[in-house]
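Trainee: quick check, what structure comes out for this input:
(6 chains)
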Number of protein chains: 6
Amino acid sequence: MKPIDPKKANDAVREVFEDIKQTRKVKQVNNFWKYLANEPRMLKHTWESLKSIMGPGHLDPLTKELIYVAVSVTNNCDYCMASHTAAARAKGATEEQINELYAVVGLANMTNRLANAYRVPVDEQFKTPG
Amino acid sequence: MKPIDPKKANDAVREVFEDIKQTRKVKQVNNFWKYLANEPRMLKHTWESLKSIMGPGHLDPLTKELIYVAVSVTNNCDYCMASHTAAARAKGATEEQINELYAVVGLANMTNRLANAYRVPVDEQFKTPG
Amino acid sequence: MKPIDPKKANDAVREVFEDIKQTRKVKQVNNFWKYLANEPRMLKHTWESLKSIMGPGHLDPLTKELIYVAVSVTNNCDYCMASHTAAARAKGATEEQINELYAVVGLANMTNRLANAYRVPVDEQFKTPG
Amino acid sequence: MKPIDPKKANDAVREVFEDIKQTRKVKQVNNFWKYLANEPRMLKHTWESLKSIMGPGHLDPLTKELIYVAVSVTNNCDYCMASHTAAARAKGATEEQINELYAVVGLANMTNRLANAYRVPVDEQFKTPG
Amino acid sequence: MKPIDPKKANDAVREVFEDIKQTRKVKQVNNFWKYLANEPRMLKHTWESLKSIMGPGHLDPLTKELIYVAVSVTNNCDYCMASHTAAARAKGATEEQINELYAVVGLANMTNRLANAYRVPVDEQFKTPG
Amino acid sequence: MKPIDPKKANDAVREVFEDIKQTRKVKQVNNFWKYLANEPRMLKHTWESLKSIMGPGHLDPLTKELIYVAVSVTNNCDYCMASHTAAARAKGATEEQINELYAVVGLANMTNRLANAYRVPVDEQFKTPG
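Mentor: Just a heads-up that it's a prediction; the model follows:
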């Protein structure tokens, strides 16, 4: 698939592109959106979801970027690691914080498998009522 | 494998168990450690790594628990979801924050695959020098 | 590992290569088979399984290619995405269909993690008898 | 987290629940939505995305359910396997088709790893222009 | 899906069941095969592949069972962990060996993600010619 | 992130680098350690864990390298596949053994999903007491 050139995009796509640029105060949408524009419905749904959930809410924006990087490293998604690590830096993450993030992600992937392997039963105090 | 009964544990295992209890100010180690004690070297390495990385550092402790949960949800590790969600709550996470965390994890798993599918090339501005 | 040159292949490998070419009506086997030929038993088993399951059966051939792409995108296998997307196109998939496939795969990866995170119990009506 | 009781849901949640029931012609929303309602924004985004992408489009509805099952089996999501297999049956999937689906998913997971292991380079004919 | 009762199986299925019992010197086939028999072609392909690859070859049988467990723990497949750990024990694995296996699997899952996160370039000496 | 130049490393990092070189009898540490040195605590923990678990123990060193490769192929970690396949060869793995390893990893990834799909219940004889 080729990316959709913003100049040749249909109205539905252009509207999303404009909203991304305004919301993020950038001059160009990044490649992810240009490719996703091949499926205009999904472009719109994905952008609306991200705009809403990654915007102001209950967790601070930097924390949410770090969570995004953690998932992307676990899944080995190069593009997502690059874009969300850049976003985390833009939101103030220091190199020490990113290195510590990577360490936590590594450890979690390890202990996830150790818990699997031993089939560890959940302790009573960790069970949520309801 | 059976969990190791703290009363019957050898000295190397007991020493780790005592350190876990003192560090975390708990009366009992949780099941994960009792099972991992079947491999005393790994028990020691895992505890020392977690104690160091999950302790005071560059990211606040709650953020690190949320990252842990994000990886565990991605990998579908029941035990780790339960124990680290409990730890996040103990460190002050609100229900709204946990729900938002889950939303971010869901979205990241989606956009990771969309980026894979379209094989989106990394934008110049996201590339790190070096 | 190097790919096995069809001209230098032993009889067991050549026999599989010939069957691939005849079955698929192609002049050359693609790279996957040339590399897998390093393990002639596995070459034979894999080809026989694919020939049988991906051939005429209960689902139409295009649907099976789309399923193959869905798994390959989820696992982030570049080679498999490329080869099975090409096969899907050869069997008639339109660009709109491939874009919609990617959207479904993205959504499934998202809701899989949301269902994990909330540990949603299976509704009675979804349980299969037996 | 507990599921949200439809009777006690706020207006935003109730509106989504009503739309799910009308769209799917069911009397009750299934558990997934009741849990996801803990995060009303994500409930709305997820439902709108699914309603749009899984509804009438370029691929027939049954094919989309099969793709959903394929991803869910690959990720080992019990809830999603159960709910989307039920949906596939409701849309006409036969037992033979479901069995063949499972076979394709198994094979794809195998050949994904064989392609990884041998680091097979993508053949020229599989590369997409652009 | 229900498991196929060996007494009611068709000839193709029964033939595979008999071969499994003879090859493994067991009185009953285990559940995996009874369920897989719902797709007789896949039953046959899977059994033939396993019989050939897991049988006498270049790696000793115990090593192959340990590899099987390593993959199953990484993928969190309960059934496969149980059946192949049992097979490893039957082929002589000690508890110490199984514990060490789990430790290696945990570490590999960790360093896999650290290598992803840092996008470590492959050293020249690790590149294979060809 | 850039790799840490051993000549400019701080004392903590240099100490680990020296231990790696002495333990492995190599003149240079490989790239993985140079990148991981960006997080000196994690460098130390990871090295100490690997040195201990991958060193003399209950499984022979070659078996442990093969297990490492099996996990790395399953997770599609290019760096880890390259480095641990090289290590396996250095410890005596033949090409036939590596090919057979890949075959086992492929099959395990397939049967893991087949067991998921059919939700096969664990046979009594595979359950571990305790």
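Trainee: element containing the residue nearest to the spatial centre of chain A, please.
Mentor: Most central in chain A under Cα atoms, centre = their mean is residue A:68, positioned 3.8 Å from the mean C-alpha point. Taking DSSP states H and E as the criterion, residue A:68 maps to helix A:61-75.
Trainee: tell me if stretch A:84-98 is near chain C.
Mentor: No: Stretch A:84-98 stays clear of chain C (Cβ under 8 Å from any Cβ of the partner chain), getting no nearer than 15.9 Å. Bear in mind the C-beta positions are built from the backbone N, C-alpha and C, glycine included.
Trainee: okay, domains of chain A per the record?
Mentor: Following automatic domain parsing, one gets these domains for chain A: A:1-55, A:58-130.
Trainee: tell me which of those domains lies nearest to residue C:32.
Mentor: domain A:58-130 (20.6 Å; Cβ to Cβ).
Trainee: what comes into contact with whichever helix or strand comes after the helix holding residue A:68?
Mentor: Sequence-wise, the next helix or strand downstream of helix A:61-75 (DSSP H and E) is helix A:78-90. Contacts to helix A:78-90, defined as Cβ atoms under 8 Å, 6 or more residues apart in numbering or on different chains, come from residues A:30-32, A:62, A:65-66, A:68-69, A:71-73, A:97-98, B:108, B:111-112, B:115, B:120-123, B:125-128, E:116-117, E:119.
Trainee: if any of these are buried, put those into a ChimeraX selection.
Mentor: Buried subset of those, written as a ChimeraX selection, criterion 16 or more other Cβ atoms under 10 Å in any protein chain shown:
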select /A:30,31,32,62,65,66,68,69,71,72,73,97,98 /B:108,111,112,115,120,122,123,126 /E:116,117
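Trainee: and the contacts of helix A:78-90, which of them are in helices?
Mentor: Using DSSP state H to define helices, the subset of the contacts of helix A:78-90 located there is A:31-32, A:62, A:65-66, A:68-69, A:71-73, A:97-98, B:108, B:111-112, B:115, E:116-117.
Trainee: if we check chain F, which of those are in contact?
Mentor: Here is what survives when those are matched to chain F using Cβ under 8 Å from any Cβ: A:98, E:116.
Trainee: residue ranges with poor pLDDT in chain A?
Mentor: For chain A, residues meeting the criterion pLDDT under 70 lie at A:129-130.
Trainee: 50 instead?
Mentor: A:130 (pLDDT under 50).
Trainee: returning to what we had before: which other helices and strands contact the helix holding residue A:68?
Mentor: Packing partners of helix A:61-75 (3 or more Cβ pairs under 8 Å, 6 or more residues apart in numbering or on different chains; DSSP states H and E): helix A:40-54, helix A:78-90, helix A:95-118, helix B:61-75, helix B:95-118, helix E:95-118.
Trainee: how far is that helix from where the chain is centred?
Mentor: Counting by Cα atoms, centre = their mean, to the nearest Å, helix A:61-75 is centred 6 Å from the centre of its parent chain.
Trainee: stretch A:24-36 now?
Mentor: That offset, for stretch A:24-36, works out to 14 Å (Cα atoms, centre = their mean).
Trainee: same check, this time on stretch A:87-102
Mentor: Using Cα atoms, centre = their mean, the offset of stretch A:87-102 from its chain centre is 14 Å.
Trainee: which of the residues in that stretch are buried?
Mentor: A:87, A:88, A:89, A:93, A:97, A:98, A:99, A:100, A:101, A:102.
Trainee: need the residues you listed in TSV (columns: distance to residue C:82).
Mentor: Compiled in TSV, the buried residues of stretch A:87-102 are given as follows (distance: Cβ to Cβ, whole Å):
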residue	distance to residue C:82
A:87	29
A:88	31
A:89	32
A:93	34
A:97	37
A:98	32
A:99	34
A:100	36
A:101	32
A:102	30
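Trainee: measure residue A:67 to residue B:33 for me?
Mentor: In this view, residue A:67 and residue B:33 are 26 Å apart by Cβ to Cβ, to the nearest Å.
Trainee: more neighbours: which of these two?
Mentor: Between residue A:67 and residue B:33, counted using other Cβ atoms under 10 Å in any protein chain shown, the more crowded position is residue A:67 (28 against 21).
Trainee: now do the same contact list for that one.
Mentor: A:59, B:66, B:67, B:70, B:101, B:104, B:105, B:108.
Trainee: on that earlier part again, is it true that the residue nearest to the centre of chain A touches residue B:108?
Mentor: Yes: judged on Cβ atoms under 8 Å, residue A:68 makes contact with residue B:108 at a distance of 4.8 Å.
Trainee: so which of the domains of chain A comes closest to residue E:10?
Mentor: domain A:58-130 (35.9 Å).
Trainee: distance between the closest one and the chain's centre?
Mentor: 11 Å.
Trainee: just give the closest residue to residue A:14, not the sequence neighbours.
Mentor: residue A:6 (6.9 Å; Cβ to Cβ, 6 or more residues apart in numbering or on different chains).
Trainee: count of residues packed around the one you found?
Mentor: Residue A:6 has 16 nearby residues by other Cβ under 10 Å.
Trainee: any idea how far it is from chain F?
Mentor: Applying Cβ to the nearest Cβ, to the nearest Å, the value for residue A:6 to chain F is 32 Å.
Trainee: what of residue A:82?
Mentor: Taking Cβ to the nearest Cβ, one finds residue A:82 at 12 Å from chain F.
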